[in-house]
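*Asks:* return atomic coordinates for the entry below.
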Amino acid sequence: MELRHLRYFIAVADELSFTRAAQRLHTAQPSLSQQIRNLEDEIGTPLLERTRRKVELTAAGKVFLAEARQVLSQADRAVERARLAGQQAGATVTIGFVPAAEIRIFPVILPRLRLQFPNVNVELRSLPTHELEQALLQGDVDVAFMRDPVHSAELTREVVLIEPMVVLLPCAHPLAKLDRIPPRRLSGEPFISTNPLYSGQVHTAAEGFFAEHKLECNVAQVATNILLNLNLVGMGLGFALLPEYAASLTSGAICARPLEGEAPTVELLMVSRAEPHSAELDGLLALVREHVASM
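*Replies:* This is a model prediction of the structure:
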């Protein structure tokens, strides 16, 4: 038994005429009559009494009619609720990121995206730089806020943030008394480096800084993430060179100081696959571009 059998039977019961019911259902009368006979055969009892002059419900037909109306009402309600849930669910935008985006991009952009697309689902995935390109290519994330290098020609990249590098050092360190750190004063000091697989351009920029100023790079520890880097500095194990946003993550044991002279800079990239994009993803990209233009 299918829902269409119930609809056919209800139409005949309402009209008490196969001709009018067939017209209402936009089907042929012989086909309708056959469907009702099939329904009666399945139930095992007549639902309608047919004569040349009229069609009437049997006692079984009256009982079946009330139940059939209830079943169809429930089915229609289920369809409507499913459609409504689908409309409310909205699209999902999956964002991969390194910590700079979490500090400098998301607090401004994500509330605006929610206003523009109230039903959007945003999934955030914090991944190291070397994993984000592969996640994009595999479709695991829709857009990534990451560092160079980006190798694939299939991806579109845009610079959304340029930050100077700053010196992070223990507050008890003698250099913390200075407003700006002369590069020469860092030569030979214990240095908390970053792993290039995890930090990308941050590592490259630090290497370039030491080479440009002909400084001795005394690597004391290599950190695989920003929090470990800061924790090692806070323990007094050395200083770090990190993008400016890291200063907002420091504890009372760590001081951030700008470099004297021209500081090296690092870029934060917004990287995505070629179109087509969902409206929600295009909305996110546009909001980031507007934010960058206003900075």
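*Asks:* shaky segments in the stretch 1-150 of the chain?
*Replies:* 81-90 (pLDDT under 70).
*Asks:* and the protein, what are its domains?
*Replies:* 3-88, 92-159+268-294, 162-267 (automatic domain parsing).
*Asks:* same list, those, but as JSON lines with mean neighbour count please.
*Replies:* All C-beta atoms are positioned from the backbone trio N, CA, C, and that covers glycine. Listed next are the domains of the chain as JSON lines, based on neighbours: other C-beta atoms under 10 Å:
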{"stretch": "domain 3-88", "mean neighbour count": "14"}
{"stretch": "domain 92-159+268-294", "mean neighbour count": "17"}
{"stretch": "domain 162-267", "mean neighbour count": "18"}
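*Asks:* so where does the closest residue to residue 109 other than its chain neighbours fall, helix or strand?
*Replies:* Spatially, and ignoring its direct neighbours in sequence, residue 109 is nearest to residue 287 (5.1 Å; C-beta to C-beta, 6 or more residues apart in numbering). Mapping residue 287 onto the secondary structure by DSSP states H and E places it in helix 279-294.
*Asks:* packing partners of that helix?
*Replies:* Helices and strands touching helix 279-294, by 3 or more C-beta pairs under 8 Å, 6 or more residues apart in numbering; DSSP states H and E, are strand 92-97, helix 106-116, strand 143-146, strand 155-170, strand 265-273.
*Asks:* what comes into contact with the third one?
*Replies:* This points to strand 143-146. With C-beta atoms under 8 Å, 6 or more residues apart in numbering as the test, strand 143-146 has contacts from 93-98, 100-101, 105, 127, 129, 132-133, 135-136, 160, 200, 268-272, 281, 284-285.
*Asks:* would you pull up how far that strand lies from the middle of the chain?
*Replies:* On the basis of C-alpha atoms, centre = their mean, to the nearest Å, strand 143-146 is displaced by 11 Å from the centre of the chain it belongs to.
*Asks:* residue 13 contacts residue 65, doesn't it?
*Replies:* Yes. Taking contacts as C-beta atoms under 8 Å, residue 13 lies within contact range of residue 65: 5.0 Å.
*Asks:* pull the longest helix from the chain.
*Replies:* Looking across the chain with DSSP state H, the single longest helix is helix 59-89.
*Asks:* run through the neighbouring helices and strands of that helix.
*Replies:* Other elements packing on helix 59-89 under the criterion 3+ C-beta pairs under 8 Å, 6+ apart are helix 3-15.
*Asks:* run the chain-centre distance for the helix or strand following the helix it packs on.
*Replies:* Sequence order places helix 18-25 as the next helix or strand after helix 3-15, per DSSP H and E. Per C-alpha atoms, centre = their mean, the displacement of helix 18-25 from the mean C-alpha position of its chain is 51 Å.
*Asks:* likewise stretch 143-162?
*Replies:* Centre-to-centre, stretch 143-162 and its host chain are 17 Å apart (C-alpha atoms, centre = their mean).
*Asks:* ok, now how distant is residue 98 from residue 200?
*Replies:* For residue 98, the distance to residue 200 equals 8 Å [C-beta to C-beta, to the nearest Å].
*Asks:* straight-line length of stretch 96-106, end to end?
*Replies:* With C-alpha to C-alpha, to the nearest Å as the measure, stretch 96-106 spans 12 Å from end to end.
*Asks:* what does that stretch contact?
*Replies:* Residues contacting stretch 96-106 (C-beta under 8 Å, 6+ apart): 95, 124-129, 132, 135-136, 140-141, 143-147, 160-161, 163, 226, 243, 245, 248-249, 268, 288, 291.
*Asks:* report pLDDT for residue 155.
*Replies:* Looking at residue 155, its pLDDT is 93.
*Asks:* who does it bridge with?
*Replies:* residue 273 (DSSP bridges).
*Asks:* contacts only, for it.
*Replies:* Shown in contact with residue 155 (C-beta under 8 Å, 6+ apart): 133, 136-137, 271-274.
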